[in-house]
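In: all I have is the shape, not the residue letters:
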């Protein structure tokens, strides 16, 4: 499996190599990793990638990430247009 | 953990890490304690803006000198902080606001800030998606050297550079007590061990009150929950940050081309609750699409909360007081801690290292609240 070709985050186009490089550079907290690479900040909001990153990070550091340290879900859960949100219709 | 450090900083946001960098660069032995991860507080949830257009000259001067530092910071720290100077456009809605704006612009210009009042025609030249009628503007003020940078990357870059100069940064480490001896700080106790020191810097954001409580200092700061949102990426449409003091809205298109912005919710309360509200979603989307109707087609991806540590005059509390030697205040930023952090940490570092004080440090000291006549910062948004 080529690390350069394995996509971990499809929204931000990040490979396994990108994630591992950041971990090696010292970003060993999942939130710091997310903020450094923008993993989980695209349209999927982390639904596709965060669990993968969690596993990669745990494997690299040998430490289980406590649930309280995982990124929090941020509403709206799916992308919603500003026009729909602004509308008074229920 | 080592037994002694010259300076202990509480808080790993942009101010804590920037402070550590400035001190470590001067050869000071410095330790940072962050109870969560770096940029986990106000820094990591902020709107990323860098603005020099303030109503009080201290804020304007701190911001102006910070911009000069920001301009060279990527090079200085060796990492890209994604600075973009697209300007800040502040909408003016009526004659009364125009008078205040003229006053602000005059003061800002006297400091050397390249700001000017612009017409409604120029507003749409600078930000073509704005609807003058919808936003109800009669003019605006514009400063082209304002802008934004990436708060996470700035914090990380400061922290990485600080580490290179020998700073020790501990994350997930909570300060539980601070010991004093003869009105002088002496030791910091954490959940991972204790360390002796002569200086403690309180850069703990909304936890600053808790830190001050440990040494018996009362501060008049209150936490206010703020909400902010990000859209999907779209083609680059504008470079300026658009804000309005009257509507409380601010929004800009950032480095990756997503739009990030916020607005106070009508029923805003003091407190530490973090859940985002539906009422923000509606208020933000209605105001934003009133300002820029074309954005109604754009998807919002997420919204989140952050906290302003707000002082009675919306200005930071900086420096040392006579009550306790070695306890350095660096908090109460009231929503503009990121943009003034380069200069704030520089002058506070000079205070610790060279004992150098300044007019700004004097006027932003905690002692000012003993005086009843405080000068309030008017130019607050979000």
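Out: Sure thing, it's come through. Just so we're clear, the structure is a prediction, and the values are computed from it rather than from any experiment.

In: where along the stretch 101-250 of chain B do the helices fall?
Out: Remark: helices assigned in the stretch 101-250 of chain B by DSSP state H, counting those that start in this stretch are B:120-126, B:132-135, B:151-164, B:208-214.

In: among the ones you listed, which is nearest chain A?
Out: Closest to chain A of the helices of the stretch 101-250 of chain B is helix B:151-164 (Cβ to the nearest Cβ; 3.8 Å). From N, CA and C alone the C-beta is placed, and that goes for glycine too.

In: re the thing from before, possible to save the helices of the stretch 101-250 of chain B as TSV with mean neighbour count?
Out: Converted to TSV, those look like this (neighbours: other Cβ atoms under 10 Å in any protein chain shown):
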stretch	mean neighbour count
helix B:120-126	15
helix B:132-135	14
helix B:151-164	24
helix B:208-214	19
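
In: quick one: those as CSV, columns for mean pLDDT and distance to residue B:226 too.
Out: CSV is the format used below for those (pLDDT from 0 to 100; distance: least, Cβ to Cβ, whole Å):
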stretch, mean pLDDT, distance to residue B:226
helix B:120-126, 98, 26
helix B:132-135, 97, 21
helix B:151-164, 98, 14
helix B:208-214, 97, 17
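
In: closest one to residue B:34 among the ones you listed?
Out: Closest approach to residue B:34 among the helices of the stretch 101-250 of chain B (Cβ to Cβ): helix B:151-164, 9.3 Å.

In: up against chain A, what does chain B have?
Out: Residues of chain B lying close to chain A (Cβ under 8 Å from any Cβ of the partner chain) are B:36-40, B:44, B:152-153, B:156, B:160, B:171-172, B:230-233, B:256, B:276, B:281-282, B:284-286, B:288-289, B:295-304.

In: filter these down to just the ones in helices.
Out: B:44, B:152-153, B:156, B:160, B:281-282, B:284-286, B:288-289 (DSSP state H).

In: before we move on, the earlier item: please list only the buried members of the residues of chain B next to chain A.
Out: Among those, the ones that count as buried by 16 or more other Cβ atoms under 10 Å in any protein chain shown are B:36-40, B:44, B:152-153, B:156, B:160, B:171-172, B:230-233, B:276, B:281-282, B:284-286, B:288-289, B:295-296, B:298-304.

In: report the secondary structure state of the residue of chain A at minimum distance from chain B.
Out: Relative to chain B, the nearest point of chain A is residue A:83 (3.1 Å; Cβ to the nearest Cβ). Assigned with DSSP: H, G, I helix; E, B strand; the rest coil, residue A:83 falls in the helix class.

In: what do you get for residue B:315?
Out: What three-state DSSP gives for residue B:315 is coil.

In: report the contact partners of it.
Out: Residue B:315 makes contacts with B:56, B:58-59, B:332, B:334, B:364, B:377, as judged by Cβ atoms under 8 Å, 6 or more residues apart in numbering or on different chains.

In: if you set the cut-off to 7 Å instead, what comes out?
Out: B:56, B:58-59, B:334, B:364, B:377 (Cβ atoms under 7 Å, 6 or more residues apart in numbering or on different chains).

In: helices along chain A, start to end?
Out: Under DSSP H, chain A gives helices at A:16-24, A:30-37, A:50-61, A:82-86.

In: A strand includes residue B:20, no?
Out: No - going by three-state DSSP, the assignment for residue B:20 is helix, not a strand.

In: need the nearest residue in space to it, chain neighbours excluded.
Out: Closest residue to residue B:20 apart from its sequence neighbours, by Cβ to Cβ, 6 or more residues apart in numbering or on different chains: residue B:162 at 4.1 Å.

In: name the nearest residue to residue B:248, sequence neighbours excluded.
Out: Residue B:248's closest residue in space is residue B:264 (Cβ to Cβ, 6+ apart), at 4.6 Å.

In: so that neighbour touches residue B:249, yeah?
Out: No - the criterion here is Cβ atoms under 7 Å, and residue B:264 misses it with residue B:249 at 8.9 Å.

In: looking at those two, which one has more neighbours?
Out: Neighbours were counted for residue B:264 and for residue B:249 using other Cβ atoms under 10 Å in any protein chain shown; residue B:249 has more, 23 against 20.

In: for that one, what are its contacts?
Out: Residue B:249 makes contacts with B:243, B:261, B:263, B:287-288, B:291, as judged by Cβ under 7 Å, 6+ apart.

In: now swap in residue B:186 and tell me
Out: Counting by Cβ under 7 Å, 6+ apart, the residues that residue B:186 touches are B:179-180, B:196.

In: can you flag the buried ones in those residues?
Out: residue B:180.

In: and the furthest pair within the contacts of residue B:315?
Out: B:58 and B:334 (12.5 Å).

In: just checking, residue B:367 is part of a strand?
Out: No - looking at residue B:367 with three-state DSSP, it is helix, so not inside a strand.

In: which residues touch it?
Out: By Cβ under 7 Å, 6+ apart, the contact list for residue B:367 reads residue B:321.

In: and residue B:250, what does it touch?
Out: Residue B:250 is in contact with B:47, B:49, B:241, B:243, B:261-262, B:381-382, counting by Cβ under 7 Å, 6+ apart.

In: bridged to it, which residues?
Out: Applying DSSP bridges to residue B:250 yields these beta-bridge partners: residue B:243, residue B:262.

In: chain A versus residue B:266, what's the distance?
Out: 15 Å (Cβ to the nearest Cβ, to the nearest Å).

In: what about that residue, neighbour count?
Out: For residue B:266, the neighbour count with other Cβ under 10 Å is 10.

In: then residue A:48?
Out: Quick note: residue A:48 (other Cβ under 10 Å) scores 17 neighbours.

In: please apply the same query to residue B:14.
Out: Residue B:14, neighbours per other Cβ under 10 Å, totals 35.

In: contact partners of stretch B:218-228?
Out: Contacts for stretch B:218-228 (Cβ under 7 Å, 6+ apart): B:45, B:47, B:206, B:208-209, B:212, B:260-262, B:265, B:268, B:270-273, B:276-277, B:280, B:303-312, B:317, B:331-332, B:366, B:369, B:382.

In: try 6 Å this time
Out: Stretch B:218-228 has contacts (Cβ atoms under 6 Å, 6 or more residues apart in numbering or on different chains) with B:47, B:206, B:209, B:212, B:262, B:270, B:272, B:276, B:280, B:303, B:305-312, B:332, B:369, B:382.
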